[in-house]
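Q: could you look at this predicted model? Sequence included:
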Amino acid sequence: MDRTLASGAIDTGSNPVRGTNSMKKLRLGILLIIISWLPFAQLFIWVAHNNGKLTSSDAADKFRLAVWGVQIVIGLVGLWLVGELAIKSAKEEGWKRTPANMWRLFRYGPSS
């Protein structure tokens, strides 16, 4: 929806936070953060132990650290995606409105 600004220019709604791409980034970022908190290491160790693999505590500890390292990277990528959008929103509309804008974008998608 186009608006005329006080300067006479036409605002075409080019809000960097609104848009299908932004919605996808936000949802992907939140999904990555959630995935980074799931206890995959313990689940994989339990399955491997029941199948005769990772029988020593030292091997399980090394495997756990490797999985945790991957999960930390996944969480940081998710935080980067969400943080990028939050900073754009905060710069444009202020910090007070940022949580509401992020929730609206996550839940309903870009406003037309």
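A: Right, received. Where do you want to start? Numbering: from 1, shown residues only.
Q: skip ahead from the helix or strand of the chain with the lowest mean pLDDT and say which helix or strand is next.
A: The helix or strand of the chain with the poorest confidence is strand 10-11; it has a mean of 43 (mean pLDDT, DSSP states H and E). Once strand 10-11 ends, the next helix or strand along the chain (criterion: DSSP states H and E) is helix 20-37.
Q: state the mean pLDDT of stretch 80-94.
A: For stretch 80-94, the mean per-residue pLDDT is 90.
Q: quick check: Ser111 is in a strand.
A: No. Assignment of Ser111 by DSSP: H, G, I helix; E, B strand; the rest coil gives coil, placing it outside any strand.
Q: wait, doesn't it sit right on Arg104?
A: Yes. Counting by CB atoms under 8 Å, Ser111 does reach Arg104; the two are 7.4 Å apart. (Glycine included, C-beta is placed from N, CA and C.)
Q: which one of the two is surrounded by more residues?
A: Arg104 (15 against 12; other CB atoms under 10 Å).
Q: tally of neighbours for Lys96?
A: Neighbours of Lys96 (other CB under 10 Å): 8.
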